[in-house]
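Peer 1: Below are the sequence and a predicted model for it; my questions follow.
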Amino acid sequence: MGALSAIPVIGWIISLCLSICLSIPFYFLWHTCGIKQFFYFLPDMYVNIGFWQCVGLFITISILKLMLYPSFSATVTNKND
């Protein structure tokens with residue numbers, strides 16, 4: 001029973017690793033390539049975000065995606081003939 005309770009933790013760790021991997025190019029493009037200049041209408045606290053705020057942004061987006069569009073999540077169906 002102990003191995004089954006560890007499965008969500010493994011998924012959370014994988015999700016964190018994927019969010020960090022997605023945040024690296026986003027942070028680079030946002031700050032170095034000047035994409036933030038197109039979002040001049042946002043307050044300064046949203047334009048000058050740090051790296052860990054980018055990671056939190058990707059985690060929040062993935063949670064909201066699962067809540068708003070549950071059909072995009074993986075489902076398993078068994079067909080017995």
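Peer 2: Sure, I can see it. Numbers count the residues shown, from 1 in each chain.
Peer 1: May I ask you to confirm that L22 is in contact with F58?
Peer 2: Yes. Assessed by CB atoms under 8 Å, L22 is found in contact with F58 at 5.2 Å. Where C-beta positions appear, they are placed from N, C-alpha and C, glycine not excepted.
Peer 1: Could you tell me how many residues sit around L18?
Peer 2: Neighbourhood size, L18 [other CB atoms under 10 Å]: 13.
Peer 1: and the helix or strand harbouring it, which residues are buried?
Peer 2: Assigned by DSSP states H and E, L18 belongs to helix 7-31. By neighbour count on 16 or more other CB atoms under 10 Å, the buried set for helix 7-31 is S19, L22, S23, F26, Y27, W30.
Peer 1: nearest to W12, of the residues you listed?
Peer 2: S19 (10.4 Å; CB to CB).
Peer 1: what's the residue closest to the geometric middle of this protein?
Peer 2: Nearest residue to the geometric centre of the chain (CA atoms, centre = their mean): F58, 2.7 Å.
Peer 1: any chance you could read off phi and psi for that residue?
Peer 2: Backbone geometry at F58, expressed as degrees, to the nearest 10, gives phi -70, psi -40.
Peer 1: what residue ranges in this structure score low on pLDDT?
Peer 2: 1-6, 72-76, 81 (pLDDT under 70).
Peer 1: can you do 50?
Peer 2: 1 (pLDDT under 50).
Peer 1: re earlier: nearest to M67, of the buried residues of helix 7-31?
Peer 2: For these, the residue nearest M67 by CB to CB is S19; the value is 16.5 Å.
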